[in-house]
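Trainee: got a predicted model here, sequence first, then my questions.
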Amino acid sequence: MSHSEEKADTHVCPESGQLIRLPMFQNAADENGVIHFTEDECHELIGKVCTASCNYPFLIAWQLEMLQWLGNEFGYSEFSKTTEELNGFHRTVQTVTSRGLIVSEDRTAVIWHSALPDEELPKALVEMRERRKLVSHIFKGEEYLLVRCGSAVMAFDLAKFNLLEQFINSMDNYTQTHLESIAIDPETRGLTIKARWIWLGLAVLSGNGYDEEERVRLSSRLEASQPFFEFKAPVQIDWCSLQEPRDENFQELCRFLMERLPNVTKVVSIGKARAADRGRDFEVEEKTQGLVGSTTLRWLVQCKYSKRSVSPDTIKGWSDRVREHGYDGFWLMTNNDLTPDLFDQFRGVESNTDIKVRFWQRADLHRKLNVYSELLKSGQFFRKP
């Protein structure tokens, strides 16, 4: 459909440039590379790969419906405020409900749409959002969530925090809703979570001593673990100390880890880190033995040493390479983090194709390398401290 033929009830998709990279949309674009859609088509698309950055009014209306529906599933209800006015023999009771703002039964947890005007929000939420300061550390204990912001430590109900995280993950099944930041209001000590298009808040627990309770629980668990292993603090990894050339050594480090995985039966090098391997470093076969048989998966593995977060532009064409060479999945290994856009792209491809996706990023490699902590001190891959 050309611009001149576009109907009044269709819209131009601002995500066209991103969407037409996916095979399912390659035939949907016009001669100018623009995707046109109706309102119903857009609703169908939201839960798959659309990042909904256009903020069309009908998209916000759809999100508000989803917020209310999923809120009910999680035991939340729309926030309402009742006022009463007495005039002689007449009493007027008025209840106002705020659409787009849902609260838990005890009102200690709240969720609201970011498009909700400040005048529609309780003043306390507006002030808490404006005063927020990012947290520096978070610890999930057995019963409490401990949060450090500067020198202050606050405690929150861990079950309620986990429920908010589950809400974000559940909403992400319908429309892209990744967590962006966690912060504290220094005055109320309330916690705020910023997701893609919603805000979430949680009241702090009154009193103190929660951190000491978690210390005792953790100490008891460490004592109970002594017959099985000796506790050692994990070694912090400085990726700047990786031996030169870093890209080649990072590739060999990934090989070292893969060869020690129990289900991996074959690791074949395709090319050197600087060779024209078109983003293919290894072919890996992984065999899983079940109760009534076994399955074998062939992975295309790309090892990416990077000083910045890895984005879709950094690993262009990976899904095409998987199809071209008949792999079952794509496995990315990187010393850095994935950008939200790349994470969304991975989820989109997994949801809409038969390609499996696996990734090890910074935190994953930190855990796995600490299993072989001697590597960090031997000088084989990293410079000796």
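Mentor: Sure, I can see it.
Trainee: show me this protein divided up by domain.
Mentor: 10-54, 73-202, 239-378 (automatic domain parsing).
Trainee: of those domains, which is nearest Gln63?
Mentor: Comparison of those against Gln63 by C-beta to C-beta identifies domain 73-202 as nearest, at 6.3 Å. Heads up, the C-betas are built off the backbone N, CA and C, glycines and all.
Trainee: could the domains of the chain go into TSV alongside distance to Ser219, mean pLDDT and mean neighbour count?
Mentor: As requested, the domains of the chain are arranged in TSV below (distance: least, C-beta to C-beta, whole Å; pLDDT from 0 to 100; neighbours: other C-beta atoms under 10 Å):
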stretch	distance to Ser219	mean pLDDT	mean neighbour count
domain 10-54	45	58	16
domain 73-202	12	88	16
domain 239-378	21	87	16
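Trainee: adding distance to Phe231, write the ones you listed out as JSON lines.
Mentor: JSON lines is the format used below for the domains of the chain (distance: least, C-beta to C-beta, whole Å):
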{"stretch": "domain 10-54", "distance to Phe231": "43"}
{"stretch": "domain 73-202", "distance to Phe231": "16"}
{"stretch": "domain 239-378", "distance to Phe231": "12"}
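Trainee: do a quick rundown of the helices in the stretch 1-150 of the chain.
Mentor: For the stretch 1-150 of the chain, the helices defined by DSSP state H, counting those that start in this stretch cover 16-19, 39-46, 57-73, 123-130.
Trainee: for the longest one, packing partners?
Mentor: It stands for helix 57-73. Packing partners of helix 57-73 (3 or more C-beta pairs under 8 Å, 6 or more residues apart in numbering; DSSP states H and E): helix 39-46, strand 77-87, strand 90-103, strand 109-113, helix 158-172.
Trainee: in this protein, which residue is most central in space?
Mentor: Relative to the mean C-alpha position of the chain, the nearest C-alpha, by C-alpha atoms, centre = their mean, is the one of His178, at 4.7 Å.
Trainee: wait, doesn't that residue sit right on Phe343?
Mentor: Yes: judged on C-beta atoms under 8 Å, His178 makes contact with Phe343 at a distance of 6.7 Å.
Trainee: before we move on, back to that, can you say which of the helices and strands packed on helix 57-73 is nearest to Gly71?
Mentor: Once these are compared by C-beta to C-beta, strand 90-103 is nearest, at 4.0 Å.
Trainee: what do His178 and Phe343 both touch?
Mentor: Taking C-beta atoms under 8 Å, 6 or more residues apart in numbering as the contact criterion, no residue touches both His178 and Phe343.
Trainee: which parts of the stretch 201-350 of the chain are strands?
Mentor: 264-269, 282-289, 294-304, 329-334 (DSSP state E, counting those that start in this stretch).
Trainee: of those, which is nearest Ile102?
Mentor: Proximity of the strands of the stretch 201-350 of the chain to Ile102 was assessed by C-beta to C-beta; the nearest stretch is strand 329-334, lying at 36.2 Å.
Trainee: send me the closest one as PDB with only the CA atoms.
Mentor: Backbone C-alpha positions of strand 329-334 (Å, rounded to 0.1, in the frame of the first residue of the first chain) are rendered in PDB as follows:
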ATOM      1  CA  GLY A 329      19.800 -22.200  18.100                       C
ATOM      2  CA  PHE A 330      22.000 -19.200  18.700                       C
ATOM      3  CA  TRP A 331      24.300 -18.900  21.700                       C
ATOM      4  CA  LEU A 332      25.900 -15.600  22.500                       C
ATOM      5  CA  MET A 333      28.700 -15.200  25.000                       C
ATOM      6  CA  THR A 334      29.800 -11.700  26.000                       C
END
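Trainee: contacting residues around it?
Mentor: Contacts to strand 329-334, defined as C-beta under 8 Å, 6+ apart, come from residues 254, 284, 297-306, 310, 315, 318-319, 321-322, 338, 355-362, 365.
Trainee: what does stretch 107-114 give?
Mentor: Residues from elsewhere that reach stretch 107-114 (C-beta under 8 Å, 6+ apart): 60, 63-64, 67, 71, 76, 79, 100-104, 121, 125, 157, 160, 163-164, 167, 197-203.
Trainee: surely Asp354 is in a strand?
Mentor: No: per DSSP: H, G, I helix; E, B strand; the rest coil, Asp354 lies outside any strand segment and is coil.
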